[in-house]
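In: I'd like to go over a predicted model; first the sequence, then the structure.
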Amino acid sequence: MALKITVIGTGYLGATHAAAMAELGFEVLGLDVVPEKIEMLQRGEVPMYEPGLEELLRRHVAGIEGSSGRLRFTTSYEEVGAFGDVHFVCVNTPQKHGEYACDMSYVESAFDALAPHLTRPTLVVGKSTVPVGSAARLAKRLAQAAPAGAAAELAWNPEFLREGFAVDDTLHPDRIVAGVAGERAEELLREVYATPIAEGSPFIVMDYPTAELVKTSANSFLATKISFINAMAEVCEAADGDVVKLAEAIGHDERIGNKFLRAGIGFGGGCLPKDLRAFMARAGELGADQALTFLREIDSINMRRRGHMVELTRDAVGGGFLGKRVAVLGATFKPDSDDVRDSPALNVAGQIHLQGGQVTVYDPKGMENARRVFPTLSYADTALDAVRGADVVLHLTEWREFRELDPAALAEVVAEPRILDGRNALDAQLWRKAGWTYRALGRPKA
């Protein structure tokens, strides 16, 4: 008999996972405690921008004409408990307010609400990013609270989604990590992921703590690589070097590779910064804080990039922001997303605004979310409107739309044709040919 799957938490991770499980052929029931979110999903709409996700949802949400009907949504834990054989927990684990540590309250609430309804053998699968040691504790909590007792098993299956590529990453993962305590849990996960496994996705079985460490370790490594090249950009600024050429040269070393070596204003988003800090906090609790002290400098380098961008902008407009108009192209922390959480672009825009600059922002998808975070900034409907009358233009999110802008057309409407490329993603020669003064991070003379 085919497995029935539930997904608890229908945010970015949960909505994507639920739609992907339906695409793989399973009957799926998604749960959220926010009725408005459930109503939106039942209409085949998503509460965030993610390429391909809404189309995937509409192929499977029950009640939509032409859909498979394999995907439904509810607010009832009782219904979820009765329906599912495998329950994926995909709720948020934000950073605690005023601390580095991870806030586990949403995960614990989900487990506590689900457990009383687990009356038969079942598998609960954690996908949220949690501090190492959480799974073992939650497994005991689950077995004690569930009527099925020890037959309500736990597995930990961390997610590795990249915003902008989440659908493909779920349907065709580059690896599947299974943290399990027994053979049955492994067998069930192999059944859930049978299609991607058959396509060649590696299925890696391990214990709970190792599975929990995989996600935080991977994010820490990526953050280290990004901050390394940004540290080299600082040195290039001081030494009149060119960080782009430097990255190209070292990237040819196969031991290093060229991915994540584009210098800029640093990383942001809802995962990398908070996961780094939670990892440091947990290492401290375990008495292994010395092992991760380098991550403090990684975090520091990343935050310095934002301040450096503000300083370059101040220099570009003559030493002060009062009375100066600054256009900011980009609000999201990365392209192909509407996510502005801990966005370096918005942080830079906000700092300049607080120092007296007249800042106008344009982003292809992140405007609504940006307005909620920084309502005092000005916003434009197009890139052309954003740069109109600007004394300097900042390119801070590497959207394809910005790379394809016509520099000559923009030059006609700005007060001064000056652009600072905070992502090293624009064609410097093209912009200079159109009369612009072009400057990029880590390339003072390039």
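Out: Looks like it came in fine.
In: Which residue ranges of this protein form strands?
Out: 4-8, 27-31, 71-74, 86-89, 122-126, 152-156, 176-179, 203-206, 325-329, 358-362, 378-379, 392-395, 418-421, 437-440 (DSSP state E).
In: Name the residues that touch the fifth one?
Out: It refers to strand 122-126. Contacts of strand 122-126 from elsewhere in the structure, counted by CB atoms under 8 Å, 6 or more residues apart in numbering, are 84-89, 107, 111, 114, 118, 134-135, 138, 142, 146, 148, 151-157, 184-185, 188-189. All C-beta atoms are positioned from the backbone trio N, CA, C, and that covers glycine.
In: List the neighbouring strands of it plus their orientation.
Out: Applying DSSP bridges to the sheet, strand 122-126 is found paired with strand 86-89 (parallel), strand 152-156 (parallel).
In: nearest to R400, of these?
Out: Nearest to R400 among the strands paired with strand 122-126 is strand 86-89 (32.5 Å), distances taken as CB to CB.
In: Now do the end-to-end distance for stretch 406-426.
Out: Between the opening and closing residues of stretch 406-426 we find a distance of 11 Å, counting by CA to CA, to the nearest Å.
In: Equivalent analysis for stretch 354-368, please.
Out: Distance between the two ends of stretch 354-368: 21 Å, counting by CA to CA.
In: May I see the buried residues of it?
Out: Of all the residues in stretch 354-368, those buried under the rule 16 or more other CB atoms under 10 Å are G357, Q358, V359, T360, V361, Y362, D363, P364, K365, G366, M367.
In: Look up how far A2 lies from the nearest residue to the second one once chain neighbours are set aside.
Out: Spatially, and ignoring its direct neighbours in sequence, Q358 is nearest to R325 (4.8 Å; CB to CB, 6 or more residues apart in numbering). Counting by CB to CB, to the nearest Å, the gap between R325 and A2 amounts to 60 Å.
In: Neighbour count: the two, which is higher?
Out: A direct count of neighbours by other CB atoms under 10 Å for R325 and A2 places R325 higher, at 21 against 9.
In: mind listing what that one touches?
Out: R325 makes contact with G357, Q358, T360, G389, A390, D391, A415, according to CB under 8 Å, 6+ apart.
In: cool, and G149?
Out: With contacts defined as CB under 8 Å, 6+ apart, the neighbours of G149 are A143.
In: sorry, back to before: I'd like to know which of the strands of the chain is closest to Q290.
Out: strand 203-206 (24.8 Å).
In: That closest one pairs with which strands, and in what direction?
Out: For strand 203-206, the pairing partners within the sheet under DSSP bridges are strand 176-179 (parallel).
In: Is V86 bridged to anything, and to what?
Out: On the basis of DSSP bridges, V86 takes part in beta bridges with I5, L123.
In: Could you number the chain from 19 rather than 1 from now on?
Out: Yes, from this point I'll number from 19; that puts the last item at V104.
In: Model confidence at it, what's the number?
Out: The predicted local distance difference test score for V104 is 98.
In: How about D307?
Out: In the predicted model, D307 carries a pLDDT score of 89.
In: That one touches L313, doesn't it?
Out: No. Look at D307 against L313 with CB atoms under 8 Å: they stay out of range, at 10.0 Å.
In: And those two? Which one has more around it.
Out: Using other CB under 10 Å as the criterion, D307 and L313 rank with L313 on top: 19 against 14.
In: rewinding a little: any chance of the buried residues of stretch 372-386 in CSV, plus distance to Y211 and pLDDT?
Out: Written out in CSV, the entries for those read as follows (distance: CB to CB, whole Å; pLDDT from 0 to 100):
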residue, distance to Y211, pLDDT
G375, 50, 97
Q376, 52, 97
V377, 46, 98
T378, 46, 98
V379, 41, 98
Y380, 41, 98
D381, 35, 98
P382, 34, 97
K383, 30, 96
G384, 32, 96
M385, 37, 96
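In: Tell me the one among the residues you listed nearest to D357.
Out: For D357, the closest of the buried residues of stretch 372-386 turns out to be G384, at 7.3 Å, with distances computed as CB to CB.
In: ok, that closest one to T415 distance?
Out: Taking CB to CB as the measure, G384 falls 8 Å from T415.
In: Also D354?
Out: Applying CB to CB, the value for D354 to T415 is 10 Å.
In: who has more neighbours, those two?
Out: T415 (32 against 20).
In: Next, format the strands of the chain as a markdown table and append distance to R180.
Out: Putting these into a markdown table (distance: least, CB to CB, whole Å) gives the following:
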| stretch | distance to R180 |
| --- | --- |
| strand 22-26 | 19 |
| strand 45-49 | 22 |
| strand 89-92 | 23 |
| strand 104-107 | 19 |
| strand 140-144 | 20 |
| strand 170-174 | 20 |
| strand 194-197 | 16 |
| strand 221-224 | 19 |
| strand 343-347 | 22 |
| strand 376-380 | 24 |
| strand 396-397 | 27 |
| strand 410-413 | 21 |
| strand 436-439 | 23 |
| strand 455-458 | 24 |
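In: List just the one of the ones you listed that sits closest to G269.
Out: Proximity to G269 (CB to CB) singles out strand 455-458 among the strands of the chain, at 17.3 Å.
In: Now do the buried residues in the closest one.
Out: Using 16+ other CB under 10 Å as the burial criterion, the residues of strand 455-458 that qualify are Y456, R457, A458.
In: thought the last one was touching W449?
Out: Same thing as A458. No. Here A458 does not reach W449: they are 10.2 Å apart, not a contact under CB under 8 Å.
In: Show me what stretch 237-251 is in contact with.
Out: Counting by CB under 8 Å, 6+ apart, 261, 264-265, 277-282, 284-285, 289-290, 293-294, 297, 310, 312-313, 315-317, 319-320, 323, 459-460 sit against stretch 237-251.
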